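> Predicted model and sequence below, questions to follow.
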Amino acid sequence: MKALIYAEHRDGKLKKITFENIGVVKSLKIPFEVVAIGSQIENLESELGKYGAAKVHFYQSDTLLNYSPDGYAKVLAQAVREQNVDVVLLGATATGKDLAPRLSALLNAAMATDCTKIEKEGDDLKITRPMYAGKVIATIRLTSEVKIVTVRPNVYQAVESAENCSVDTVQAEAVDFKTVVKEMISGAKGKLDVTEADIIVSGGRGMKGPENWNLIEDLAEQFSAATGASRAAVDAGWRPHDEQVGQTGKTVSPGLYVAVGISGAIQHLAGMSSSKYIVAINKDPEAPIFKVADYGIVADLFEVVPRMIEELKARN
Amino acid sequence: MKIAVCIKQVPDTETRIKLADDKKSVNEDQINFILNPYDELAVEEALKLKEQNDAEVTIISLGPDRIISAIRSALAMGADRAIHIKVEKIPDDPGVVAAALAEVIREESPDLVLLGKQAIDDDHAQIPSMLGQILDMPAVTVIVKLEIDGQNVKAEREVDGGHEIVECQLSAIIGAQRGLNEPRYASLKGIMKARKITIEEKTLTLKDSALEILEYNYPPEKSPGKIIGDSADAVPELIKLLNEEAGVI
């Protein structure tokens, strides 16, 4: 067995999931190759070396400046052949989830999405992945020759272990793109996504309206957290859809999830109850969110949250 | 313009999932099945395009006979035709489903294929991109805004921490995300009309599955934690616990 770690990057910087995936294969003692695709990536070898990669195969072409699913899938398939690997690990990120199924269809290789645990059993992988947004946990096996796995960010730890990493630059096969990214929407850049955050502060119907969301934002700032929202808050138009946590939103498992004014509908709990620590602030002691919370405060959030902000400010 | 919309029938979001005795499938007895919410967005988008252009909207769905209710829901919203790919059980391997859908789409040769970015049951989110690869078409997934002008497609795609504008040409595959539109409710007239539409049936030879279910389990149950207090005065204690006990701050 030999694995390929896809080094995902955005705006010239490697994504943390790349290092987490190196951690996965190293913990399983699976030999691996790291592959990056693009036209230019800053600090590629120094960053990868820091997390234990001795070499990175950089499939380079000027035409690969921007991500395109069909183009990148073709080059990644080239890398799978040339590096002679039978497992491909990507992040279950926006890019990974877009690219991996393309590669899967291209190589006729089965794929598992958003995996939370990978175990090696002889020449096989036992893969754990949540379904129904976390209401069911499946363990599965892929039986195709090449296996493709996207791993949920933030589940595995990136482990620092210094290596001298060298770059093997490979000329990427010529590709023509069927899709072109024209622009990133301004203002959205740099915003921490809930799926990548270590701490999430989420608001629900108890927030009473979008005008009170500064409380969520201020609290998130003190925690260096991303902001999330319940479906009720999104459906009411208070928050954008990309913040929604739950079954028709995002499934998250951060180190800390702070639920503010969220009652805890089944579909919401499914999306966040695998968080390592959960704090619930709600004035209804019967709210289902308290059933999954590690720490609860049964009180008016409009009194509790400002106090939290104040206390955290004093600490920071 | 020909538009195909691929849909799946799934348990609704409030369903408490019960596992079957073999722990390799879900007990379907008590489930309220609905049209996958993301596919519902795809149907709505197709109908909006139909209102702007002259379009025929065809629903394609794979599954056992129970899925007919989801197909009827899509027809009641205003779709014109439906194709039911009959199988006894929906395959566990999305690659098998994508191959079957691709076969029908190829026969239909639509200008546009719309579908949800993922189904809320297995959460694989693989089909849209797979269809793109199999059918050699551009596939743009997780779309919150779509504009079609002649052959030109301009789509706004949700990515981690932002949005990006992607352009491509028809024929194309679009994976719908929440935010794209607000799906309409079926009118009584629509429901009546949908009843009269004959759902075309198809049987296909499916390719072999390469995804084997070993076991389904419930998530580990979280034991309820402590209620620290009933007023803002509990905050210092909370911060202390987060720092000392949880070690998260």
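Nice, thanks for sending it over.
> Name the helix or strand of chain A that has the lowest mean pLDDT.
strand A:179-184 (a mean of 85; mean pLDDT, DSSP states H and E).
> Could I get the contacting residues of residue A:264?
Contacts for residue A:264 (Cβ atoms under 8 Å, 6 or more residues apart in numbering or on different chains) come out as A:280, A:287-292. C-beta coordinates here come from the backbone N, C-alpha and C atoms, glycine included.
> Once you drop chain neighbours, what's closest to it?
residue A:289 (3.2 Å; Cβ to Cβ, 6 or more residues apart in numbering or on different chains).
> Tally up the residues packed near the one you found, please.
26 (other Cβ atoms under 10 Å in any protein chain shown).
> where in the chain is pLDDT low?
Just so you know, I chose chain A. Counting by pLDDT under 70, chain A shows low-confidence ranges at A:186-190.
> actually chain B
For chain B, no range has pLDDT under 70.
> just how off-centre is stretch B:53-67 within its chain?
Distance of stretch B:53-67 from its chain centroid, counting by Cα atoms, centre = their mean, to the nearest Å, is 13 Å.
> what residues does that stretch touch?
Contacts for stretch B:53-67 (Cβ under 8 Å, 6+ apart): B:1-9, B:28, B:33, B:43, B:46-47, B:49-50, B:70-71, B:74-75, B:78-90, B:97, B:100-101, B:104-105, B:108, B:110.
> hang on, the earlier thing: how about the contacts of residue A:264 in a markdown table, adding distance to residue A:264?
Below are the contacts of residue A:264 laid out as a markdown table (distance: Cβ to Cβ, whole Å):
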| residue | distance to residue A:264 |
| --- | --- |
| A:280 | 8 |
| A:287 | 6 |
| A:288 | 4 |
| A:289 | 3 |
| A:290 | 8 |
| A:291 | 7 |
| A:292 | 7 |
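> Could you measure from residue A:231 over to residue A:12?
In this view, residue A:231 and residue A:12 are 35 Å apart by Cβ to Cβ, to the nearest Å.
> repeat for residue B:64
49 Å.
> Then residue A:79?
20 Å.
> more crowded one of the two?
residue A:79 (22 against 13).
> Give me the contacts around the helix or strand where the more buried one lies.
Per DSSP states H and E, residue A:79 falls inside helix A:69-83. Applying Cβ under 8 Å, 6+ apart, the contact partners of helix A:69-83 are A:2, A:4, A:6, A:33, A:35, A:37, A:57, A:59, A:61, A:63-64, A:88, A:98-99, A:102-103, A:106-107, A:146, A:170, A:172-173, A:175-179, B:129, B:132-133, B:138-139.
> so how many other residues sit close to the nearest residue to residue B:229 once chain neighbours are set aside?
Nearest residue to residue B:229 in three dimensions, chain neighbours excluded: residue A:297, at 5.7 Å (Cβ to Cβ, 6+ apart). Applying other Cβ under 10 Å, we find 29 residues neighbouring residue A:297.
> still on that earlier bit, of the contacts of helix A:69-83, select the buried ones using a PyMOL command.
The following PyMOL line selects those of the contacts of helix A:69-83 that are buried, judged by 16 or more other Cβ atoms under 10 Å in any protein chain shown:
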select buried, (chain A and resi 4+6+33+35+37+57+59+61+64+88+98+99+102+103+106+107+146+170+172+175+177+178+179) or (chain B and resi 129+132+133+138+139)
